[in-house]
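Chemist: Below: sequence and its predicted model.
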Amino acid sequence: MHELSICQSLIHQVENIALERNALCVTSIIIGIGPLSGVEAQLLKNAYTVASAGTVAEHAELIIETLPIRVKCSLCGSESDALPNKLICKQCGDWRTRLLSGDEMMLLRVEFEKAVH
């Protein structure tokens with residue numbers, strides 16, 4: 001299950017952000033996952049519990065947003081949304097497209113509590 005190693009990397013990144021900002025604890029982590037990323041959202045949520053145990057993000061809510069699949073047509077140049085199994089141009093219907101997004105996983109936002117001075 002590569003989702004555990006992904007979560008461990010995510011927690012490492014979140015811990016660095018929390019440390020830089022003098023956070024007491026992380027309250028939520030929002031990530032975006034494209035349908036073509038190869039990451040299973042449910043497996044990631046399951047792995048998150050294990051990876052976050054004992055960290056500043058242990059009690060943080062993991063929020064997963066699905067990112068759109070976008071393609072650019074090589075024939076007409078337009079950009080459009082596409083389906084995972086149908087990466088065609090919505091404008092002209094051509095199949096010669098280039099993937100612009102939908103295969104990524106990214107950290108979108110980290111919310112945390114800071115100490116009151």
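Modeler: Structure's in. What do you need? Numbering: from 1, shown residues only.
Chemist: quick one, phi/psi of the residue lying closest to residue 84 once chain neighbours are set aside?
Modeler: Closest residue in space to residue 84, ignoring its immediate chain neighbours: residue 35 at 4.8 Å, by C-beta to C-beta, 6 or more residues apart in numbering. To be clear about C-beta, it is placed using only N, CA and C from the backbone, and glycine gets the same treatment. Backbone geometry at residue 35, expressed as degrees, to the nearest 10, gives phi -60, psi -20.
Chemist: Quick check, pLDDT for residue 35.
Modeler: Per-residue pLDDT puts residue 35 at 96.
Chemist: Could I get the contacting residues of it?
Modeler: Residue 35 is in contact with 66, 67, 69, 84, 102, counting by C-beta atoms under 8 Å, 6 or more residues apart in numbering.
Chemist: Any chance of a markdown table for those, columns distance to residue 40 and secondary structure?
Modeler: Output for those, formatted as a markdown table (distance: C-beta to C-beta, whole Å; DSSP: H, G, I helix; E, B strand; the rest coil):
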| residue | distance to residue 40 | secondary structure |
| --- | --- | --- |
| 66 | 12 | strand |
| 67 | 15 | coil |
| 69 | 16 | coil |
| 84 | 14 | coil |
| 102 | 15 | coil |
